[in-house]
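>>> structure for the following, please:
(chains A, B, C and D)
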Protein chains: 2
Amino acid sequence: MKTAAAPAEEQIDVSTHYIRDSIRDAIVDRRLAPGTKLSEADVGALFNVSRTLVRGALQALSYEGLVNVEKNRGAFVAYPSPEEARQIFATRRMIEPGILREAAKHMGPSHFQHLRQLLMEEGRLMNERGQTARRAEIKASGDFHLILASMTGNAVMQRFMDELVARSSLVIALYGQSAISSCGHQEHQDIVTAIECGDSDRACHLMIHHIDHIEKDLDMRENKGSDLKEAFRL
Amino acid sequence: MKTAAAPAEEQIDVSTHYIRDSIRDAIVDRRLAPGTKLSEADVGALFNVSRTLVRGALQALSYEGLVNVEKNRGAFVAYPSPEEARQIFATRRMIEPGILREAAKHMGPSHFQHLRQLLMEEGRLMNERGQTARRAEIKASGDFHLILASMTGNAVMQRFMDELVARSSLVIALYGQSAISSCGHQEHQDIVTAIECGDSDRACHLMIHHIDHIEKDLDMRENKGSDLKEAFRL
DNA sequence: ATTGGTGAAATTGTATACGATCGAGTGCTG
DNA sequence: CAGCACTCGATCGTATACAATTTCACCAAT
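So this is what the prediction gives:
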């Protein structure tokens, strides 16, 4: 699947957006490890476009915090420091309760059904084996938070959450240890239940603890087996 | 102050960042009206750089929501719709209480002094006349919220607030009517007092009402004297 | 007078060219 | 053999060239 024998895949209209989204997916899906260099020429060759478009995509990703662009050195998949990681989770604790309350105002039966369905899927994946199921599970667990955000009907807030969830995924890839705290799934369910009962205070409380748990499950000692170079670069 | 008789100003190292910041300042300061077209060639000529750099800056600003880039048509100073405006303020109501609580944890006497000083300045500007004082007052009133955000020590959150305050400024430029609700200043003071008293709940309450007041002071009927074109563009 | 079409001018989209900077390896020197 | 300066290759930064698209003016026809 390198380059040559790709028969009919070349007809996609490859724009900056397409490249950005492709790379973002790869990062969030952990097919690109933190610290990986994204050379403009290499990426351009992959998508058969010039460096111009690639640069645009990389710049966009750097705004989202998924890529670090170092002057005259190139772009690298972000390698969030422990401090950065803490700030990301702290931010989530600051805003997700607000999202919850706002979302609750807009939710009807169909929304709850949607959420329950997502939780079912999440539970199913949890009991499966394999790399693919693991990835899907992680994605689903992020989607839970994103869908809640979408239920506020607020595009501005949704974009913030998109960024936060994506960066969280990077952090977990870097510092996560246990096989995803399976309590996360239970906590998601509890939150939905609390909302359904109209107990927003309790839902917020649960949400904050949930985020706490995710963060507590990380081992944020510096240098996860890696690069002294990166450690001292900036 | 157009172009010609500028004796020794040309030695600035003009990068994408510099252009982006310059344009952002101009937008937030309302020297560039919403809807203004930002032609790549024109901007490039202004800064004596090629379109390449300008495009980078405009892309960045579009990510911040201050500029809309329309394919094959160009970049325009954002012209937030009433719906967008509502979402911006709704987002602020969702996150600023969280910021307040977090900031309160980190605040010592020096921080309060800093805030009080800002409030003094704000009050002074309020009693001055003239366009310049007005601009400075608007800026100061935004800075109040930004400084609170900075006191969380959280760079991620701070970036979000930067964006929200900048976009709010655009919205106010578009839909604002009264000579800035002078009650805003009083409300800022009350918020600081509440924090100082350790009454975070009250501070949050005040903050939400404060944001409400700002929003209530807008007249968001569509078409502020303008463009059918813009209305149907997207 | 309004509508519709045609072509030139202006503007953006993308690729390429060239200069600048960084990093690694090489060879010289102490 | 260690240390340092230097050169060379690779990669990035910026400008420019060319293609694609839109806009606008002009004119004909209803």
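>>> the lengthiest helix in chain A: which residues count as buried?
The helix spanning the most residues in chain A, taking DSSP state H as the definition, is helix A:82-106. Going by neighbour count (16 or more other Cβ atoms under 10 Å in any protein chain shown), the buried part of helix A:82-106 is A:82, A:84-104. Just so you know, the C-beta spots here come from the backbone N, C-alpha and C atoms, and that holds for glycine as well.
>>> what does the residue nearest the centre of chain A show for phi and psi?
Centroid check for chain A by Cα atoms, centre = their mean gives A:A166 as the closest residue, at 2.2 Å. Per-residue torsions, A:A166: phi -60, psi -50 (degrees, to the nearest 10).
>>> these two touch, right, it and A:L66?
Yes - contact between A:A166 and A:L66 holds when scored by Cβ atoms under 8 Å: they sit 6.0 Å apart.
>>> joint contacts of those two?
Taking Cβ atoms under 8 Å, 6 or more residues apart in numbering or on different chains as the contact rule, A:A166 and A:L66 both touch A:R24, A:I27, A:V28.
>>> contact residues of chain A facing chain B?
Contact residues (Cβ under 8 Å from any Cβ of the partner chain) of chain A with chain B: A:56, A:59-60, A:63, A:65, A:84, A:87-88, A:90-91, A:93-95, A:97-99, A:101-102, A:152, A:154-157, A:160, A:164.
>>> what residues are up against the residue lying closest to A:E187 once chain neighbours are set aside?
Spatial nearest neighbour of A:E187, excluding adjacent residues (Cβ to Cβ, 6 or more residues apart in numbering or on different chains): A:H210 at 4.3 Å. When contacts are counted by Cβ under 8 Å, 6+ apart, A:H210 touches A:G184, A:E187, A:H188, A:I191.
>>> which ones are touching the third one?
Counting by Cβ under 8 Å, 6+ apart, A:H188 makes contact with A:L119, A:E122, A:S141, A:F144, A:H210.
>>> pull out the buried residues from the helix or strand where the second one lies.
If I follow you right, that is A:E122. When secondary structure is defined by DSSP states H and E, A:E122 falls within helix A:109-126. For helix A:109-126, the neighbour count (16+ other Cβ under 10 Å) marks A:H111, A:L115, A:L118, A:L119, A:E122, A:G123, A:L125, A:M126 as buried.
>>> didn't the last one look like it was pressed against A:E137?
Yes - checked against Cβ under 8 Å, the pair A:M126 and A:E137 is within contact range at 6.0 Å.
>>> ok, A:M207 - how many residues close by?
Using other Cβ atoms under 10 Å in any protein chain shown, A:M207 has 24 neighbouring residues.
>>> surely it is in a helix?
Yes - according to DSSP: H, G, I helix; E, B strand; the rest coil, A:M207 belongs to a helix.
>>> excluding sequence neighbours, find me the nearest residue to it.
A:E96 (5.2 Å).
>>> just give the nearest non-adjacent residue to A:E163, would you?
Closest to A:E163 by Cβ to Cβ, 6+ apart is A:E64, at 5.3 Å.
>>> so what does the residue of chain A found nearest DNA strand D have for phi and psi?
Residue of chain A nearest DNA strand D, by Cβ to the nearest atom of the strand: A:G74 (2.9 Å). In terms of degrees, to the nearest 10, the main-chain angles of A:G74 are phi 120, psi -180.
>>> cool, A:L38 as well?
The phi/psi pair for A:L38 (degrees, to the nearest 10) is phi -110, psi 90.
>>> kindly report the domain assignment for chain A.
According to automatic domain parsing, chain A comprises the domains A:16-78, A:82-216.
>>> A:R167 - how many residues pack around it?
Count around A:R167 with other Cβ under 10 Å applied: 25.
>>> and for A:E70?
11.
>>> where are the low-confidence patches of chain A?
A:1-11, A:178-183, A:222-234 (pLDDT under 70).
>>> show me the strands in it, by range?
A:37-38, A:67-70, A:74-77 (DSSP state E).
>>> make CSV out of the ones you listed and add distance to DNA strand C.
Converted to CSV, these look like this (distance: least, Cβ to the nearest atom of the strand, whole Å):
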stretch, distance to DNA strand C
strand A:37-38, 11
strand A:67-70, 8
strand A:74-77, 9
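>>> buried deepest among those strands, which one?
Among those, ranked by average contacts under mean count of other Cβ atoms under 10 Å in any protein chain shown, first place goes to strand A:74-77 (a mean of 20).
>>> and it, which strands flank it?
For strand A:74-77, the paired strands and their directions (DSSP bridges) are strand A:37-38 (antiparallel), strand A:67-70 (antiparallel).
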